[in-house]
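S.K.: Give me a 3D structure for the following:
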Amino acid sequence: MATVITRSIASTPKRTATETWEVIMSLLAPDQKSAARLELGKVAGVAASSIASETPKDDGFIVYGNGPQVRVYCVFGEDAISDEGVNEDSFQETPASGDWHMSMPCLPEDLEWTTKKLKTISSRVTARAVGESITSTQSETANTSAELAVDLKEFLKP
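M.R.: This is a model prediction of the structure:
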């Protein structure tokens with residue numbers, strides 16, 4: 001079973017959707033000049049749309065491929081104001097480094113346009129409908145290193 005680390009970020013009405021995404025980006029890619037931070041910045045509009053729809057309340061943004069799986073949820077309403085259930089602590093390691101990928105939640109009726117938009121602006125961020133999980137293939141493929149590949153022909157050689 002894979003290790004999962006979660007964070008819960010206070011959103012509306014404490015912060016706008018865009019401000020919430022800024023906090024999420026700073027946690028996932030703290031170095032403002034890193035390639036990961038630039039990549040996350042490219043998808044800011046789509047991410048803000050997801051946050052404004054409150055989809056990451058129960059289905060978080062999922063970052064995988066580099067170490068433990070990271071899930072980032074958003075907290076809304078009175079809980080966001082009171083910081084009830086909020087955990088915005090930084091990560092020990094940078095989740096968006098190396099060969100990382102992100103799956104972004106969206107409303108089922110927005111999945112088609114979200115997927116199309118993300119394909120035009122990012123090779124690392126994909127969309128999934130609320131209630132869907134990332135496929136085990138996505139997660140396993142991202143966690144598989146070419147260095148660990150076994151050449152069965154050579155391995156089974158007498």
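
S.K.: ok, S103 touching D59?
M.R.: No: S103 sits out of contact with D59 when judged by C-beta atoms under 8 Å, with a separation of 9.4 Å. C-beta here means a position set from N, CA and C on the backbone, and glycine is covered the same way.

S.K.: shared neighbours of the two, anything?
M.R.: R128 (C-beta atoms under 8 Å, 6 or more residues apart in numbering).

S.K.: For D79, see how far away I5 is.
M.R.: 20 Å (C-beta to C-beta, to the nearest Å).

S.K.: repeat for V72
M.R.: Where D79 is concerned, V72 sits at a distance of 16 Å (C-beta to C-beta).

S.K.: Comparing the two, which residue is more hemmed in?
M.R.: V72 (23 against 16; other C-beta atoms under 10 Å).

S.K.: what's the closest non-adjacent residue to the more buried one?
M.R.: In space, and not counting its chain neighbours, V72 is closest to F61: 4.5 Å by C-beta to C-beta, 6 or more residues apart in numbering.

S.K.: now G98
M.R.: N66 (4.0 Å).

S.K.: Compute the number of surrounding residues for the one you found.
M.R.: Applying other C-beta under 10 Å, we find 19 residues neighbouring N66.

S.K.: you'd agree it is in a strand?
M.R.: No: read with DSSP: H, G, I helix; E, B strand; the rest coil, N66 is coil and lies in no strand.

S.K.: before we move on, the earlier item: could you check how many residues crowd around the residue nearest to V72?
M.R.: 25.

S.K.: next one: P13
M.R.: Neighbour count for P13, taken as other C-beta under 10 Å: 11.

S.K.: Please name the residues that touch it.
M.R.: 77, 80-81.

S.K.: before we move on, which element is E39 in?
M.R.: helix 35-42 (DSSP states H and E).

S.K.: Tell me the first helix or strand C-terminal of that helix.
M.R.: helix 44-52.

S.K.: Which residues does that following helix contact?
M.R.: So helix 44-52 is contacted by 11-12, 16-18, 20-21, 24-25, 40, 56, 61, 74, 104-106, 110, 114, 117-118, 121, 125, 127 (C-beta under 8 Å, 6+ apart).

S.K.: Kind regards, and thank you for your time.
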